Structure formats: C-alpha cells, structure tokens
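*Asks:* sequence first, predicted model second:
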Amino acid sequence: MSPIIEARSLTKRFGETHAPAGLDLVAESGRVTALLGPNGAGKTTFISAVATLSFLFVSSANVPVSSMPGWMQPFAANQPITVFINAVRSLMQGGTQRVGIGHTTTYWVVLTLVWSVGITLVFGAITVRKFGRQI
C-alpha cells in the first residue's frame, strides 16, 4: 500500500525545545495509525501541521474544483494557487475555452499578478517589522 501521510525526521522548534524531534511516521491507507507519547512530545503539533498543510494546498492544480467536496470548493476556487494554475493553463493551452475554466485568460493573469503583489506586500511588511533595525 502507498502512504497517505509520510514524515521523515520531522522537527519543530520552540526556542530551545524541539517537539516533535526527529519524528518518522508512515500512515497507510486502510490502516489505523496512532500517535502516542508523553505531554510535550509534539503529537498535537504534528497533527496541526498535517491538517494545516493539507488545507493550504487545496487547489485545482491536480483535480478540478467541481470534483471536490462541496465544503472545500469555495476555498479551493479562491486561493492563489488555483488562480496561478488557471492562468498558466489558459496561457499554455490556448485560452480558457480549451481548458474549460470560466473568465478570460487576461482575467486569470491579472488576478495572479494582484495575488502576487498582495502576498509580497503583506509578507514584506511582516519581514521588515520583524527584522528591521531598531533606531
């Protein structure tokens, strides 16, 4: 069977504390997998990371948004990865009509640029605030 979740040497740092520290885990489809360990070992941190990462990358990159569960579709349809993928598909395959996505190629390209500028501004401001010199 192929793994549905696989982690190798996973470590999360909280200052001097590492939890989990070097976690190796393979969860296979159709099998029950348990995380056991003492308080502070990183069980909740691992589950949070897996749940968050899975949700962050929900997009139309691999499957059409319409084939996803109903509760997931609004998020997948309006996130930057889907917008970028739609722009690239329509540019590379000769337009949105051939690809089977709504709107025009210009719409997807402009929206991709807007997302890119927005993400750059937000994280640029956070970086400057975090690492800027104190005068």
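*Replies:* Arrived safely. Computed from a prediction, not measured in an experiment: that's the story for all the values here. Numbering: from 1, shown residues only.
*Asks:* hang on, residue 44 in a strand?
*Replies:* No. Using DSSP: H, G, I helix; E, B strand; the rest coil, the secondary structure at residue 44 is helix, not a strand.
*Asks:* does residue 77 touch residue 65 like I think?
*Replies:* Yes. If you go by C-beta atoms under 8 Å, residue 77 and residue 65 touch, sitting 4.9 Å apart. Where C-beta positions appear, they are placed from N, C-alpha and C, glycine not excepted.
*Asks:* what sits against the closest residue to residue 89 other than its chain neighbours?
*Replies:* Closest residue to residue 89 apart from its sequence neighbours, by C-beta to C-beta, 6 or more residues apart in numbering: residue 99 at 4.7 Å. Neighbouring residues of residue 99 by C-beta atoms under 8 Å, 6 or more residues apart in numbering: 86, 89-90, 93.
*Asks:* closest to residue 47 out of those?
*Replies:* residue 86 (31.5 Å; C-beta to C-beta).
*Asks:* do I have it right that that closest one meets residue 106?
*Replies:* No. Assessed by C-beta under 8 Å, residue 86 is found out of contact with residue 106, at 11.9 Å.
*Asks:* so which residues of this protein form helices?
*Replies:* Counting by DSSP state H, the chain has helices at residues 43-56, 73-77, 80-92, 96-99, 105-131.
*Asks:* switch these over to JSON lines; also include mean pLDDT.
*Replies:* JSON lines is the format used below for those (pLDDT from 0 to 100):
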{"stretch": "helix 43-56", "mean pLDDT": "74"}
{"stretch": "helix 73-77", "mean pLDDT": "86"}
{"stretch": "helix 80-92", "mean pLDDT": "90"}
{"stretch": "helix 96-99", "mean pLDDT": "85"}
{"stretch": "helix 105-131", "mean pLDDT": "93"}
